[in-house]
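**Q** output the structure for:
(2 chains)
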Amino acid sequence: MTSRSVILIGGPDSGKTNYVARLWPSFRERRGTLRAQKLPNDIVYVDGAVEHLMQGKFAPRSDRNLEKGRQDFSIQVRGADGTGHLTNLVVPDISGELWLNAVRSHELSEDWLNAMKTAEGAILFVRVQSEANVQPMDWVTARKLMKLHAEDGLVEAEEAHKEGDKDLASAGSSATAELDVVVPETPELPMQVVLCELLRYLDLFLSNRHDGKPPRVAVVVAAWDLIDPGMRTGGPMAYLKREFPLFAGRLSDPRRLDLQLFGLSIVGGDLEDDEDFKQKFFEKNLVDRGWVVVRDGAEWRQDPDVTLPIAWAVGD
Amino acid sequence: MALGECLLAECTFNVTKQCVRGFQADECTHRGGTVAGVPVVLDTIGRSDNSPSADPALESRSPSIGGSVLDRPPETPRLPGSGTLGIDEATRLMTERYTTMVGIVGLPASGKTACLVSAYLLLSRNQFTGFSYSDSLTLMAFEEIARGSRRWNLGDAPTQMTLHTEMADDRTAGFLHLRLNRDRDDRTFDLLLPDLPGEWSRALIDSSDAERFDFLKSATVVWLMVDGRQFADIKTRGYATYRAQCLVERLANVLASPRPRIMLVPSWKDSGEFPQVAYDAIREEGKKWDMNITLAPIASFSQNDQISPGEGLADLIERTVVHDRTAPSFWPKEAPSHSARSILAFRAAR
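**A** All right, here's what the predicted structure looks like:
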């Protein structure tokens, strides 16, 4: 039996834990491309997350504590609808805050670095409409921050304004109005920059697959059901180009990685703000809920098998 | 009794053999003797280990005098960053891919940084006309410059290109990298853009300090950045033109022949049109030194509604990546000379 590791990676509130929670019923019911051989010894971690989903709530964000921020989900699976090779699949789920911290500080503990180095594939998560999705700077904020630079010329304009030099500070009313805009001292990193950096780390550290081929990274756009129907037809790449253009551009230049895009809705609707859906949610089994969006030729099609992203990343 | 090691906690005699109080080595009253032939030595807190109160546990882990007293703290592995590139890294990139190196020179306050930040903001909002972002080896450097979280150390700007420095608190002079995709033909272009303090250009004009600009010999295009506001004001226009002409002459001594393309890039386009008379004067100066200077005004940021922020940057990049030299004929029609055919004649004779 071979042992393979597929790492879950993404910023805070990107849907990693909820995906594991939704995977588990499919594994247990032996439905989907990737099927469990037997129950793993330790199911406490996934069981806690599944409990939330079954009660009609999304699992809360993973523990942000640096020591406890990692949970490993280990299970023996067979690919190809249960007829493939027996594989021991290890899925390290490290909290999004820790990944964010790694991008900010360029530091990652030896343990987590090894988890990345031993993995042959990864699932990179980005969640639609997450509050953690920091947008890139706007021009007003950027201009105010630029005034901090000593040599870009904007500083002089502001100083001249104070001194009453009307010529240099001809910026006039618009510049004065900008002074009312509050600029945070340390703006958060835009989510698209975080995603680009995480992808760079995966490119640097992931191991080649057992057959020598490049590592696979499934990019999963979670909460795909929140996208308006008009946008859905363009698929996840159209969404990423609009919301995260830097990340979308980076995906078009995969370097050594084998990349594939998926849209994902783990329960097929919004459990938080859609009361109608929440009522209907309990009418069906969790394993019958949710779907992924996968490329099918030139089109994107919806598939009820939520194991598809991880099955593709495992590559069996 | 021979004297042993110094018992004074603050004295370094045991390591340096120099008494901090200035005593001769054999006269110092702080040096211990030997007890039954065993020299008196100190533990890490200055006690004699011959004393009955010495802690055996402490003794067992005490290092030799002068050695480290604490265990090395565990180090967290550092991930390779994406800060500015040093010259070696830039060279490596240029050997791997066709790369357009842009030489950006300009006095302080000419808008060099604002230009780079503006381009980055346009790309990060997908508003860069004709181009989209593909990759950057220096993404975090762009982000940090845009957020103002790293600045030149005022009054002490970097004096040379530094290597890839992970822990630097200040900005380091180096290259920024951008890989852009051109929408109309799906071609990708690699750009290297130097992020240098304006003081370097000032030193180049004032004292011909050109050594740091050696990289310009590899530049495909040089952006000569000037502060457009100074040219818009008739009172400051003359001096600004004169300084730009001085910079052109200095550049002539640095740049290789044939000259790379030179683009005069006035910032603050929103403050007014760049005066034709000033452009003519600078272009004439360029002709003296065999440089063909073209004009590409930009507005990195804008303070009026007629000019949008980032206007002119797409045109600047488009003209940067597309050279304007006419390509030589791929298969020129030339009559063969007699000597060129002699080898064929020789082989035919055999």
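**Q** tell me where chain A has helices.
**A** According to DSSP state H, chain A carries its helices in the segments A:16-28, A:44-54, A:96-105, A:110-118, A:139-146, A:154-162, A:173-178, A:191-205, A:229-232, A:235-243, A:245-251, A:275-281, A:308-314.
**Q** what segments of the stretch 201-350 of chain B are helices?
**A** Assigned helices in the stretch 201-350 of chain B, in chain order: B:228-232, B:234-254, B:276-288, B:313-321, B:342-349 (criterion: DSSP state H, counting those that start in this stretch).
**Q** test my guess that A:Pro12 contacts A:Leu100.
**A** Yes. Between A:Pro12 and A:Leu100 there is a contact under C-beta atoms under 8 Å: 6.1 Å. Every C-beta, even on glycine, is put in place using the N, C-alpha and C of the backbone.
**Q** among the helices of chain A, which is nearest B:Ser308?
**A** Closest approach to B:Ser308 among the helices of chain A (C-beta to C-beta): helix A:139-146, 9.2 Å.
**Q** the helices of chain A: lowest mean pLDDT?
**A** Sorting these by mean pLDDT places helix A:173-178 lowest, at a mean of 38.
**Q** reformat the helices of the stretch 201-350 of chain B as CSV; add mean pLDDT and distance to A:Pro304.
**A** Output for these, formatted as CSV (pLDDT from 0 to 100; distance: least, C-beta to C-beta, whole Å):
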stretch, mean pLDDT, distance to A:Pro304
helix B:228-232, 91, 60
helix B:234-254, 92, 65
helix B:276-288, 95, 65
helix B:313-321, 93, 45
helix B:342-349, 62, 73
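**Q** show me where chain B has its strands.
**A** With DSSP state E, the ranges of strands along chain B come out as B:34-35, B:38-39, B:99-106, B:131-135, B:174-182, B:187-195, B:221-226, B:261-266, B:293-295.
**Q** nearest to chain A, out of the ones you listed?
**A** Nearest to chain A, of all these, is strand B:131-135, at 3.8 Å by C-beta to the nearest C-beta.
**Q** paired strands for that closest one, with orientation please.
**A** Here strand B:131-135 has these sheet partners by DSSP bridges: strand B:174-182 (antiparallel).
**Q** spit out the contact partners of A:Leu204.
**A** B:Leu79, B:Pro80 (C-beta atoms under 8 Å, 6 or more residues apart in numbering or on different chains).
**Q** ok, A:Val50 next?
**A** Taking C-beta under 8 Å, 6+ apart, we find A:Val50 in contact with A:Ala21, A:Trp24, A:Pro25, A:Leu286.
**Q** can you redo the strands of chain B as a markdown table with mean neighbour count and mean pLDDT?
**A** Converted to a markdown table, those look like this (neighbours: other C-beta atoms under 10 Å in any protein chain shown; pLDDT from 0 to 100):
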| stretch | mean neighbour count | mean pLDDT |
| --- | --- | --- |
| strand B:34-35 | 12 | 46 |
| strand B:38-39 | 12 | 49 |
| strand B:99-106 | 24 | 92 |
| strand B:131-135 | 22 | 95 |
| strand B:174-182 | 22 | 94 |
| strand B:187-195 | 21 | 94 |
| strand B:221-226 | 25 | 94 |
| strand B:261-266 | 24 | 94 |
| strand B:293-295 | 17 | 94 |
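**Q** deepest of the helices of the stretch 201-350 of chain B, which one?
**A** helix B:228-232 (a mean of 25; mean count of other C-beta atoms under 10 Å in any protein chain shown).
**Q** name the helices or strands packed onto that helix?
**A** Packing partners of helix B:228-232 (3 or more C-beta pairs under 8 Å, 6 or more residues apart in numbering or on different chains; DSSP states H and E): helix B:234-254.
**Q** so what touches the helix it packs on?
**A** Contacts to helix B:234-254, defined as C-beta under 8 Å, 6+ apart, come from residues B:105, B:107, B:201, B:204-205, B:208, B:210, B:213-214, B:216-217, B:222, B:224, B:226-227, B:230-231, B:262, B:264, B:275, B:278, B:281-282, B:285-286, B:288-291, B:293.
**Q** count of neighbours near A:Gly79?
**A** Burial of A:Gly79, expressed as a neighbour count using other C-beta atoms under 10 Å in any protein chain shown, amounts to 22.
**Q** surely it meets A:His85?
**A** Yes. Under the criterion of C-beta under 8 Å, A:Gly79 makes contact with A:His85 at 7.0 Å.
**Q** among the helices of the stretch 201-350 of chain B, which comes closest to A:Asp72?
**A** That would be helix B:313-321 among the helices of the stretch 201-350 of chain B, by C-beta to C-beta, at 46.3 Å.
**Q** that closest one packs against which elements?
**A** The contact analysis (3+ C-beta pairs under 8 Å, 6+ apart) places helix B:313-321 against strand B:99-106, helix B:112-124, strand B:131-135, strand B:174-182, strand B:187-195, strand B:221-226, strand B:261-266.
**Q** closest one to A:Gly48 among those?
**A** A:Gly48 sits nearest to helix B:112-124 of all the helices and strands packed on helix B:313-321, at 37.7 Å, using C-beta to C-beta.
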